[in-house]
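Novice: Got a sequence here, can you model it:
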Amino acid sequence: MSDHHAHGHHHTKTNRKALFIAFLTIFGFMVVEAIGGWLTGSLALLSDAGHMFSDAAALFLSLTAMRIAARPPSAAKTYGYHRVEILAAFINGLTLAVISFAIFWEAYERIQQPPVVMSSGMLVVAVVGLIVNVMAAYVLMKGDTKGNLNVRSAFLHVVGDLFGSLGAITAGTLMLLFGWYWADPLVSALIAAFILWSGLRVLRDSVHVLMEGTPKHLSLQKLSDSLISLSGVKEVHDLHVWTVTSGFTALSCHLVVDEAVNSQRLLRTAKQVLHDEYGIEHCTLQLETGKLCDEENICEGRRTPTRT
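Specialist: Residues are numbered from 1 along each chain as shown. Next comes the predicted model:
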């Protein structure tokens, strides 16, 4: 097994363990917070419990997606099932957005006639919730929250809960000290705004991957310049680079070369450059002469000028 595959397997195992521990933690406290919100009449607690329910579902979805993504490629799924993780991230982001609008609506109705809330009981539940969320966030931080979109979407769910608990503590304190019962729906609306912001970011990133957009850390122009600078390459066109799943970037392009070029040596050099400079391991390079490209009409179009 290569170092890259061993490293990837280690990351996957760590991510799965982090997601499982976080799921158990979040699901367990979700029940406690929902009961506490119902008994105290606090929308802030109930909205946070609703968010925690979505978190538990999101973590379970992420775990399931990670298991499915581990399946080997087949004749029907030549890239395997890696995209399942991106689909899970998309569903998680959509769920965050829907929940935020539901909380906005309930907060709008309550802020007009703020109900009396059992502030002391709400505070106790909120403080315990904060501790639980900090623990879950810490566990998920051990996973790949930057490189894996699926894990990041689950992490953002938990961070949203963490802010929800902080908001509930703030609202409970204001109600306990000053009797400001409008603080409960107001804080709920602020929690919903954060949840919506997180959800839209995950949706944006997952849609970009599903649409096979160019990875944000890569520049097509720089990639083209690197390839056209290789000895024997006259032109680069039909250049495509996309993300299959988090950490798995693929590239394909056509290289117009001199007829006398050593094709095997050029392919090895090109793949080495793509690996070392851009971290791209999966690439498909088609070598052709200008004559072949023109006569066979096999190219989409030449978008990169010929090197002079």
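
Novice: Give me the below-cutoff pLDDT ranges for this structure.
Specialist: Within the chain, the stretches with pLDDT under 70 are 1-13, 42-45, 47-48, 50-51, 115-117, 143-150, 290-308.

Novice: Walking through it, point out its strands one by one.
Specialist: Ranges of strands within the chain are 233-245, 248-257, 282-288, based on DSSP state E.

Novice: Could you list the residues in contact with stretch 197-204?
Specialist: The contact list for stretch 197-204 (CB atoms under 8 Å, 6 or more residues apart in numbering) reads 89-90, 92-97, 99-100, 149, 152-153, 156-157, 159-160. All C-beta spots, glycine's among them, are computed from the backbone N, C-alpha and C.

Novice: So which of these sit within helices?
Specialist: 89-90, 92-97, 99-100, 149, 152-153, 156-157, 159-160 (DSSP state H).

Novice: From those residues, list the buried ones, please.
Specialist: If you count burial by 16 or more other CB atoms under 10 Å, the buried members of the ones in helices among the contacts of stretch 197-204 come out as 89-90, 92-93, 95-97, 99-100, 149, 152-153, 156-157, 159-160.

Novice: Just send the strands of the chain back as TSV, with mean neighbour count and distance to Met30 too.
Specialist: Supplementary listing: the strands of the chain in TSV, determined by neighbours: other CB atoms under 10 Å; distance: least, CB to CB, whole Å:
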stretch	mean neighbour count	distance to Met30
strand 233-245	19	29
strand 248-257	20	33
strand 282-288	15	40
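
Novice: Out of the ones you listed, the one nearest Gly167 is which?
Specialist: Distances from Gly167 to each of the strands of the chain were compared using CB to CB; the shortest belongs to strand 233-245, at 33.8 Å.

Novice: so what does the closest one touch, helix or strand wise?
Specialist: In terms of contacts (3 or more CB pairs under 8 Å, 6 or more residues apart in numbering; DSSP states H and E), strand 233-245 is packed against helix 83-112, helix 183-210, helix 220-228, strand 248-257.

Novice: can I get the CA coordinates of it in PDB?
Specialist: Taking only C-alpha atoms (Å, rounded to 0.1, in the frame of the first residue of the first chain), the coordinates of strand 233-245 have been written out as PDB:
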ATOM      1  CA  VAL A 233       4.400  20.400 -26.100                       C
ATOM      2  CA  LYS A 234       3.100  23.000 -28.700                       C
ATOM      3  CA  GLU A 235      -0.500  23.500 -27.400                       C
ATOM      4  CA  VAL A 236      -2.800  22.600 -24.600                       C
ATOM      5  CA  HIS A 237      -6.600  22.500 -25.000                       C
ATOM      6  CA  ASP A 238      -9.700  20.700 -23.800                       C
ATOM      7  CA  LEU A 239      -8.400  21.100 -20.300                       C
ATOM      8  CA  HIS A 240     -10.800  20.000 -17.600                       C
ATOM      9  CA  VAL A 241     -10.200  19.600 -13.900                       C
ATOM     10  CA  TRP A 242     -12.800  18.700 -11.300                       C
ATOM     11  CA  THR A 243     -13.300  17.200  -7.800                       C
ATOM     12  CA  VAL A 244     -14.700  13.700  -7.600                       C
ATOM     13  CA  THR A 245     -15.000  13.900  -3.800                       C
END
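
Novice: sorry, back to before: let's have the strands of the chain in a markdown table, adding distance to Gly129.
Specialist: Conversion of the strands of the chain to a markdown table gives the following (distance: least, CB to CB, whole Å):
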| stretch | distance to Gly129 |
| --- | --- |
| strand 233-245 | 33 |
| strand 248-257 | 36 |
| strand 282-288 | 43 |
